[in-house]
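Q: Sequence and predicted model, in that order:
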Amino acid sequence: MPRNAALQVETAAAVAAPLISVRSLTVDFFTARGRFTALHGISFDVRPGSVLGIVGESGSGKSVTALAMMRLLPDHTARITGGQILFQGTDLAHAAERDLRRLRGRDMAMIFQDPTTSLNPIFSIGHQLREGLALHLGLGRAAADRRAEELLALVRISSPRACLAKFPHELSGGMRQRVMIAIALACNPKLLIADEPTTALDVTTQAQILELLRDLQGELGMAIILITHDLGVVAEFADEVQVMYAGRIVERAPVADIFAVPSHPYTGGLLHSMPSLEEEDPALLPTIAGMVASPFAMPPGCAFHPRCHLAGADCTRAVPPLARVGAGHDSACIRTAHV
Amino acid sequence: MTAVDGVSFDIARGETLALVGESGCGKTTTGRMLVRLVEPDAGTMAFDGMDMATLTAGELRGLRQRMQLIFQDPGSAFNPRMNVATLIAEPMRLAGYPPAEQRARVAELLPLVGLAPEYAERFPHEFSGGQRQRIGIARALALRPDFIVCDEPVSALDVSVQAQVINLLTELQRQFGLTYLFISHDLRVVRHVATRIAVMYLGRIVETAPKAALYATPRHPYTRALLSAVPSHRPGVARTRLADIGEIASADAIPSGCRFHTRCPHAIALCREKDPELTTIGDGHEAACHRLDDLAA
């Protein structure tokens, strides 16, 4: 596989350099109710070939981060108002649509939660796969057909040739997500952003899709940003995790450390409130009080303080910055020592 | 199409029977039949010792009030033009309770489900998912039921809110001696709330057991697959890799013999031919599989 060999050389040369660097990324939304900030200047890197898990609940900004990185935010309601997204020498935050179109689907690709709405119901699977292959790689019909069949085999579809002729409605949810993954991988992207890729699927299908993604990541060496609300999915799959709350990163760490030594009260609260599969829980589960504040009425200081059992007056004064608490482990909490 | 096929189970007073399985297994239809939102084609149902088939329409209406339903997304079930007080009181209004009694009950219910009294005048769209589920629970409680079918009550909620609603259901059960049928695909949540568990696959119960036995010694290959598919919260601890077992067959093309045989790694010729019956394998533990002896824990 010459493509893989080339990839290895590239990876070796860029061992320390991030594949993509997000710097002070700020996104504002403009709605009927007014303007609010969905992302407050977040910064992070993704290393080549690594898996970054982004965990958060509704309103945390995890999906906005993904859409901003792909420059797929809805034009009329959302805008990148600050920061940079540096990818292969280009600042995606300020790139022209023409350059973005060249990158999207080729060097970076995305899969979404609901494969049903991402596939076009009136075109065959083969047609939808060939489209990207023709656009980005300039393949003719025969070559594109061959490659499309290879891709369906890659995502473990048992009769790939027959599948090419099928239409989305003829496939199960899991098969559709496999097709979406095949389309995303068509041009060997260096970065795959997966936004809740298994949330809409049944448990056994979810496990099979995650296993597929993990295998493919090993085989193809791409980096993955995995966005999820499910800490279990992250535990299985990510190398590094960042936890988001109300438009900010509140903690990031190697995956083992997030579970072993959570250092932000929100992370600790999330971990404890999940019922265990292995042990008997107390009759009442530990909970995080209250709910996420409205983006139109963010509390002053740390956005989590109204729900935090450790909060004091000092937590309302300023937004705590991410600070180093261990090797590769940062937490944005002034009481992190008490967590 | 047969969505639920010859399912039998009991739920004891005050316990929580969890019905688990993947989409299309018939768990929601089963729940709706119990509260008579779906009429079964065959079979009998008894509630509190009364055979429901023998009751008069009036008796059935009375009984129906003692059984309520909580949905996954209560928001979609609410009339957006009704305020919270009207929504919660609606079952009482339909049952003919006087307005004063309805108001008094709403005032009682709001704090019970953790909602502030001033929310009574607000409308559903002003609330978060967790709060809407609390409204749904208050509405289900309005007629003081004995039995509540909870259909995926926390699946649509954020993780930090899920635990709050689970705890609320636990506390209400304790306080009022409620009996729950808890329908869920989430084996973590089920392990926390259930007394007993019934696993459904394509319209059949394939295994039923007290909670401890089901999680410690699952016997049906499908139960085992479901359990091994749940991601662990221990990074680095490799989960047993789930064999490529494909997806649930379509309910309009039920496989012959054991319905799971098309996905079962242990299927033999017999499994294609003969439908296995539920067999007792322990105290309250039953499974329907031809290979139970060969696959013993």
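A: Sure, I can see it.

Q: and the chain, what are its domains?
A: All of this refers to chain A. Chain A breaks down by automatic domain parsing into domains covering A:18-238, A:248-338.

Q: Wait, chain B was what I had in mind.
A: For chain B, automatic domain parsing gives the domain ranges B:10-194, B:201-297.

Q: of all those, which lies closest to residue A:48?
A: Across these, residue A:48 has its closest neighbour in domain B:201-297 (21.3 Å, CB to CB). C-beta coordinates here come from the backbone N, C-alpha and C atoms, glycine included.

Q: Name the spans of chain A whose pLDDT lies under the cut-off.
A: For chain A, applying pLDDT under 70 flags the ranges A:1-16.

Q: Quick check: which element contains the residue of it found nearest chain B?
A: As assessed by CB to the nearest CB, chain B sits closest to residue A:232 within chain A, at 3.0 Å. Assessed by DSSP states H and E, residue A:232 sits inside helix A:231-237.

Q: Alpha carbons of that helix, as CSV, please.
A: Extracted in CSV, the C-alpha atoms of helix A:231-237 (Å, rounded to 0.1, in the frame of the first residue of the first chain):
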residue,chain,number,x,y,z
LEU,A,231,-18.1,8.6,28.6
GLY,A,232,-18.1,4.8,27.9
VAL,A,233,-17.5,5.4,24.2
VAL,A,234,-14.6,7.8,25.1
ALA,A,235,-13.1,5.3,27.5
GLU,A,236,-12.9,2.6,24.8
PHE,A,237,-11.7,4.7,22.0
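
Q: In space, what's closest to residue A:78 - neighbours in sequence excluded?
A: Leaving aside its sequence neighbours, residue A:78 sits nearest to residue A:29 (CB to CB, 6 or more residues apart in numbering or on different chains; 5.1 Å).

Q: I'd like the distance from the helix or strand encompassing that neighbour to the chain centre, please.
A: Here residue A:29 sits within strand A:20-31, counting by DSSP H and E. Relative to its chain's centre, strand A:20-31 lies at 15 Å (CA atoms, centre = their mean, to the nearest Å).

Q: other SSEs contacting that strand?
A: Under the contact definition 3 or more CB pairs under 8 Å, 6 or more residues apart in numbering or on different chains; DSSP states H and E, strand A:20-31 sits against strand A:34-46, helix A:62-70, strand A:78-87.

Q: Stretch A:137-157 near chain B at all?
A: Yes - judged by CB under 8 Å from any CB of the partner chain, stretch A:137-157 and chain B are in contact via residue A:156.

Q: May I see the buried residues of that stretch?
A: By neighbour count on 16 or more other CB atoms under 10 Å in any protein chain shown, the buried set for stretch A:137-157 is A:139, A:144-145, A:147-149, A:151-152, A:154-157.

Q: now the helices for the stretch 51-200 of chain A?
A: Ranges of helices within the stretch 51-200 of chain A are A:62-70, A:97-103, A:115-118, A:125-137, A:141-154, A:160-164, A:173-185, based on DSSP state H, counting those that start in this stretch.

Q: Just put these in CSV and tack on distance to residue A:257.
A: Shown next, in CSV, are these (distance: least, CB to CB, whole Å):
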stretch, distance to residue A:257
helix A:62-70, 20
helix A:97-103, 33
helix A:115-118, 33
helix A:125-137, 38
helix A:141-154, 33
helix A:160-164, 41
helix A:173-185, 29
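
Q: Relative to residue A:320, which of the ones you listed is closest?
A: Of the helices of the stretch 51-200 of chain A, nearest to residue A:320 by CB to CB is helix A:62-70, at 19.6 Å.

Q: any idea how far residue B:245 is from residue A:233?
A: 19 Å (CB to CB, to the nearest Å).

Q: Of these two, give the one with the bigger neighbour count.
A: When neighbours are counted by other CB atoms under 10 Å in any protein chain shown, residue A:233 comes out ahead of the other of residue A:233 and residue B:245, with 23 against 19.

Q: what's the nearest residue to the more buried one if we skip its chain neighbours?
A: In space, and not counting its chain neighbours, residue A:233 is closest to residue B:231: 5.3 Å by CB to CB, 6+ apart.

Q: What's the local residue count around that neighbour?
A: Applying other CB under 10 Å, I find that residue B:231 has 22 neighbouring residues.

Q: Could you do residue A:121 as well?
A: Residue A:121: 9 neighbours (other CB under 10 Å).

Q: who are the neighbours in contact with it?
A: The contact partners of residue A:121, by CB atoms under 8 Å, 6 or more residues apart in numbering or on different chains, come to A:167-169.

Q: same deal with residue B:220?
A: B:199, B:206-207, B:260, B:287-289.

Q: and if you look at residue B:258?
A: Per CB under 8 Å, 6+ apart, neighbours of residue B:258: B:264, B:267, B:271-272, B:274-276, B:288-290.

Q: Just give the nearest non-adjacent residue to residue A:247, would you?
A: residue A:61 (4.2 Å).

Q: Please determine how far the one you found is located from residue B:19.
A: In terms of CB to CB, residue A:61 sits 36 Å off from residue B:19.

Q: Neighbour count: the two, which is higher?
A: Neighbour count, other CB under 10 Å: between residue A:61 and residue B:19, residue B:19 has more, with 29 against 24.

Q: now that one, what's its secondary structure?
A: strand (DSSP: H, G, I helix; E, B strand; the rest coil).

Q: so it touches residue B:31, yeah?
A: Yes - assessed by CB atoms under 8 Å, residue B:19 is found in contact with residue B:31 at 6.9 Å.

Q: Now list whatever residues contact both of these two.
A: Applying CB under 8 Å, 6+ apart, one finds that residue B:19 and residue B:31 are jointly contacted by B:181, B:183.

Q: hang on, residue B:143 is in a helix, isn't it?
A: No - assigned with three-state DSSP, residue B:143 falls outside any helix and is coil.

Q: any idea what sits nearest it, other than its immediate chain neighbours?
A: Using CB to CB, 6+ apart and skipping residues adjacent in sequence, the residue nearest residue B:143 is residue B:65, 4.5 Å away.

Q: What about the one you found, how many residues nearby?
A: 16.

Q: Now for residue B:196: which residues touch it?
A: By CB under 8 Å, 6+ apart, the residues touching residue B:196 are B:15-18, B:208-211, B:284.

Q: rerun that using 7 Å as the cut-off
A: Residue B:196 makes contact with B:15, B:17, B:208-211, B:284, according to CB atoms under 7 Å, 6 or more residues apart in numbering or on different chains.

Q: so the closest residue to residue B:218 other than its chain neighbours is in which element?
A: Nearest residue to residue B:218 in three dimensions, chain neighbours excluded: residue B:224, at 5.0 Å (CB to CB, 6+ apart). Taking DSSP H and E as the criterion, residue B:224 maps to helix B:221-229.

Q: list the buried ones in that helix?
A: B:221-229.

Q: tell me the SS of whichever residue of chain B sits closest to chain A?
A: Closest approach of chain B to chain A (CB to the nearest CB) occurs at residue B:231, with a separation of 3.0 Å. Three-state call for residue B:231 (three-state DSSP): coil.

Q: Quick check: it touching residue A:228?
A: No - Residue B:231 lies out of contact with residue A:228 (CB atoms under 7 Å); the separation is 9.8 Å.
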